[in-house]
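K.L.:
build me a model from this:
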Amino acid sequence: MRKIAFLLLFLFPATTLAQAAPCTAQVYGDFVKELNWNCPVPNEDAMVPKLEVNNDSVSLTKGAPAPFAGILMDQNRVMMLGLRITGLRRLLWIELKTAKAQQDLAVARAIELSKKDAKSVEAQNQALTARNAQLTSDLKTEKSWYRSWTFGFVLGTLITSAAAISLAVATH
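P.N.:
Residues are numbered from 1 along each chain as shown. Sure, this is the predicted structure:
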């Protein structure tokens, strides 16, 4: 029991210092470390005005004017608003984390699609290059149609037939 008491006495100053640590700038883009939800988020002063709280107790009577301008609330309402602000900080962090994950997913998908598109364009380019080479080699190796023996035979037959018919008509 003494050891536990000694341990608690030894650790108590460290815990009070940790609780009293001042708020540092919150980095909502770093999703690895947990944030201090008691510290304000960036640009929170635009959403939640800073209120100067006077710790003096004020007694009010019904119908009497308030001693200072502002909204009077009971402690439960103030606690509820404080918890709501903490909850809104957590929601903002979660929304940013989700948006970052969705953005990373969209970027990965766009990269994947562009790689597939580049592969298909490259394959199409290779196919067209091969077809061009094939047509070029076919063009070089093929004879012209008018130099083939079939064309010469058909042309010779037609000319001979035409000459024979015109000679027959002329002599008749």
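
K.L.:
switch to C-alpha atoms for all contacts and neighbour counts from now on
P.N.:
OK.

K.L.:
next SSE downstream of the helix or strand harbouring Asp117?
P.N.:
Assigned by DSSP states H and E, Asp117 belongs to helix 75-141. Toward the C-terminus, helix 75-141 is succeeded by helix 149-171 as the next helix or strand (DSSP H and E).

K.L.:
CA atoms of that next one as CSV?
P.N.:
The C-alpha trace of helix 149-171 is given here as CSV (Å, rounded to 0.1, in the frame of the first residue of the first chain):
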residue,chain,number,x,y,z
TRP,A,149,1.3,-12.1,-117.2
THR,A,150,-2.5,-12.5,-116.8
PHE,A,151,-3.0,-8.8,-117.6
GLY,A,152,-0.8,-9.2,-120.7
PHE,A,153,-2.6,-12.3,-121.9
VAL,A,154,-6.0,-10.7,-121.5
LEU,A,155,-4.9,-7.5,-123.1
GLY,A,156,-3.3,-9.4,-125.9
THR,A,157,-6.4,-11.4,-126.5
LEU,A,158,-8.6,-8.3,-126.6
ILE,A,159,-6.3,-6.4,-129.0
THR,A,160,-6.0,-9.4,-131.3
SER,A,161,-9.7,-10.0,-131.3
ALA,A,162,-10.4,-6.3,-132.0
ALA,A,163,-7.9,-6.3,-134.8
ALA,A,164,-9.4,-9.5,-136.3
ILE,A,165,-12.9,-8.1,-136.1
SER,A,166,-12.0,-4.7,-137.6
LEU,A,167,-10.0,-6.5,-140.4
ALA,A,168,-13.0,-8.7,-141.1
VAL,A,169,-15.4,-5.7,-141.2
ALA,A,170,-13.0,-3.7,-143.4
THR,A,171,-12.5,-6.5,-146.0
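
K.L.:
show me the chain divided up by domain.
P.N.:
30-43+73-141, 143-172 (automatic domain parsing).

K.L.:
most tightly surrounded among these?
P.N.:
Compared across these, domain 30-43+73-141 shows the largest average neighbour count, a mean of 13 (mean count of other Cα atoms under 10 Å).
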